[in-house]
Structures are given as structure tokens and as C-alpha cells.
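# Sequence plus the predicted model coming up.
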Amino acid sequence: MSVQENLQTVRQNIDKAKAGALKPSDSLELVAVSKTYGAEIIQEVIDEGQRVFGENRVQEAQGKWPELKSKNAGIELHLIGPLQSNKTADALELFDVIESVDREKIARSIAKNLKRSANVRNCLFRSIRG
């Protein structure tokens, strides 16, 4: 199955699920997980209109997303995996959304590093106990 066919199938399945839902939501958004895929394949998905992507490793994302984001307007990149405190500054520079902050240490590191970077618009916190 080609990238285009796969993406079309996923979008059709989302539309079917929305149609069958008790409370359909127009605010549903597909986050295409691009981990382990190279920039060439990701570019094909971008060319098909996908603009929101998820990566779970900061280092892997650093190797492909700066160029992809510079060549393609309107890309939103989510960090979908756990964040290590030593990668916080890099994550804030690259990602638009950090989806899971699961430790107080990470929250503090984000707060400290946000003073240097205004890039991240959203952080989603899991229950932090401390």
C-alpha cells in the first residue's frame, strides 16, 4: 500500500468513526507518528496534506525535522514520548507541543528553559505526584 493510499484509508476510518459517534467532534486531528521514518517518506505524507506529526525521540527528530519544517509551512510537531531532562532545551526548540510531562523534574526543566524559547505552545501534563 502506498503512503497516499495508507493515509487515505486512515482518514476514511476517522470519518467513519466520527459519523458513528454519539457526539461527533469537528475538532479531531490526526497526529501522524513519523518515528523511524526518513524525511523522504515524511515529505510524501506532507505532500498529501498532513500537517501534524508526532515523534517520540528528541535526537531522532533533530535529524530530520528542522529541514522538513523549513521547507513546509504549517507543520506542527508533537513530542509524544517521555522527555529526559537533559533534552528539554532541545525539545523546546524543535517541538510545538509536548504531549506528556510526567515528572516534576521535567516540569521544572521546561519552566526554566521556556525563558530562552517561546516555541512550544502547549504542554500536556499527566498527573505529577511529588
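Perfect, I can see it now. Residues are numbered from 1 along each chain as shown.
# Wait, a strand at L77?
Yes - checked against DSSP: H, G, I helix; E, B strand; the rest coil, L77 lies within a strand.
# shouldn't it be in contact with K69?
Yes - proximity of L77 to K69 meets the contact threshold set by C-beta atoms under 8 Å, at 6.9 Å. C-betas here are computed from N, CA, C, even on glycine.
# Those two - which one has more neighbours?
L77 (23 against 17; other C-beta atoms under 10 Å).
# the bottom helix or strand of the protein by mean pLDDT?
Least confident helix or strand, the chain: strand 122-125 with a mean of 62, by mean pLDDT, DSSP states H and E.
# in whichever strand or helix holds Q12, what's buried?
Using DSSP states H and E, Q12 sits within helix 3-20. Neighbour counts using 16 or more other C-beta atoms under 10 Å place V3, L7 of helix 3-20 among the buried residues.
# So what are the sheet partners of whichever helix or strand comes after it and their directions?
The element immediately downstream of helix 3-20 (helix or strand, assigned by DSSP H and E) is strand 32-33. Strand 32-33 pairs in its sheet with strand 52-55 (parallel), by DSSP bridges.
# what's the partner strand in contact with?
Strand 52-55 is contacted from outside by 29-35, 42, 45, 61, 65, 75-81, 95, 99, using C-beta atoms under 8 Å, 6 or more residues apart in numbering.
# among those residues, which ones are buried?
Listed as buried from those are 32, 34, 42, 45, 61, 65, 75-81, 95, 99; burial here means 16+ other C-beta under 10 Å.
# right, and out of those, which lies closest to L114?
Among those, F95 lies closest to L114 (C-beta to C-beta), at 12.4 Å.
# so what pLDDT did the residue lying closest to K64 once chain neighbours are set aside get?
Spatial nearest neighbour of K64, excluding adjacent residues (C-beta to C-beta, 6 or more residues apart in numbering): A39 at 4.4 Å. As summarised for this prediction, A39 has a pLDDT of 97.
# any idea how far L114 is from A39?
28 Å (C-beta to C-beta, to the nearest Å).
# same question, L94
With distances taken as C-beta to C-beta, L94 is found 14 Å from L114.
# I figured A61 hits F95, correct?
Yes - taking contacts as C-beta under 8 Å, A61 lies within contact range of F95: 7.4 Å.
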